[in-house]
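A.B. asks: how does the following fold in three dimensions:
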Amino acid sequence: MDSFSTTRLTAERLNESHLGDLVALHLDPDVSRYLGGIRPAEVTKTYLATNMAHCAQHGFGLWALLTKDGAFAGRAGIRHILVDGIDEIEIAYTFKRDLWGQGLATEIATALTEIGLSRLELPSLIGLVFVKHGASRRVLEKSNYKLEKSTTHHGEDVVIYRIRR
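C.D. replies: Residues are numbered from 1 along each chain as shown. Next up, the predicted model:
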């Protein structure tokens, strides 16, 4: 799937043209606080390549999010992630700081869930969230994900939310 739209966003498959926007997003300390910290440009370049390869291999992955006027808004997607030794499939979303608090995360989480469970017919999806990231936890709860467990991921205390088909 190369693209999709929601009421206020257009998602296009992540590609090299998004590198500059991703670097700026990942350098914002407020945005990166719950992503494991600020990512230098070279780390983001590797991140982009890894996620493009994921999409080529699995047919789904990350998309760049654009506002209706075409401005970069963030990134979101559906991807494989290893959690506690188990291959899970997560939804992920990150927005530019000036777009927080507008309901865009809930809008995209709902769309990703529909894509994952209905179109891709995945048996379940997870949301992996830092324990202290209340806003993202609320997004998953509004999207009908249920708290499943607490664990540690890359040395951070996280919670796993899950929704099943």
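A.B. asks: contacts and neighbour counts: CA atoms only from here.
C.D. replies: Will do.
A.B. asks: show me the contacts for Y34.
C.D. replies: V129, F130, H133 (C-alpha atoms under 8 Å, 6 or more residues apart in numbering).
A.B. asks: of the residues you listed - the most surrounded one?
C.D. replies: V129 (23 neighbours; other C-alpha atoms under 10 Å).
A.B. asks: same list, the contacts of Y34, but as a markdown table with secondary structure and distance to P29 please.
C.D. replies: Shown next, in a markdown table, are those (DSSP: H, G, I helix; E, B strand; the rest coil; distance: C-alpha to C-alpha, whole Å):
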| residue | secondary structure | distance to P29 |
| --- | --- | --- |
| V129 | strand | 17 |
| F130 | strand | 15 |
| H133 | coil | 14 |
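A.B. asks: list just the nearest of those to L120.
C.D. replies: Nearest to L120 among the contacts of Y34: V129, at 22.8 Å, using C-alpha to C-alpha.
A.B. asks: mind checking how far the closest one is from A71?
C.D. replies: Going from V129 to A71 by C-alpha to C-alpha, to the nearest Å gives 26 Å.
A.B. asks: G20 is in what secondary structure piece?
C.D. replies: According to DSSP states H and E, G20 maps onto helix 19-27.
A.B. asks: show me which residues of that helix are buried.
C.D. replies: For helix 19-27, a neighbour-count test (16 or more other C-alpha atoms under 10 Å) marks L19, D21, L22, V23, L25, H26, L27 as buried.
A.B. asks: can you point out the buried residues in the next helix or strand after that helix?
C.D. replies: Using DSSP H and E, the helix or strand that directly follows helix 19-27 along the chain is helix 29-32. For helix 29-32, a neighbour-count test (16+ other C-alpha under 10 Å) marks V31 as buried.
A.B. asks: residues contacting helix 29-32, please?
C.D. replies: The list of residues contacting helix 29-32 from outside it, by C-alpha under 8 Å, 6+ apart, reads L25, H26, G37, I38, R39, T94, F95, K96, R97.
A.B. asks: quick one: name whatever helix or strand follows it.
C.D. replies: helix 41-58.
A.B. asks: who does that following helix touch, helix- and strand-wise?
C.D. replies: For helix 41-58, the packing partners by 3 or more C-alpha pairs under 8 Å, 6 or more residues apart in numbering; DSSP states H and E come out as helix 19-27, strand 62-67.
A.B. asks: tabulate these in a markdown table, adding columns for mean pLDDT and distance to D87.
C.D. replies: Converted to a markdown table, the helices and strands packed on helix 41-58 look like this (pLDDT from 0 to 100; distance: least, C-alpha to C-alpha, whole Å):
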| stretch | mean pLDDT | distance to D87 |
| --- | --- | --- |
| helix 19-27 | 96 | 25 |
| strand 62-67 | 97 | 17 |
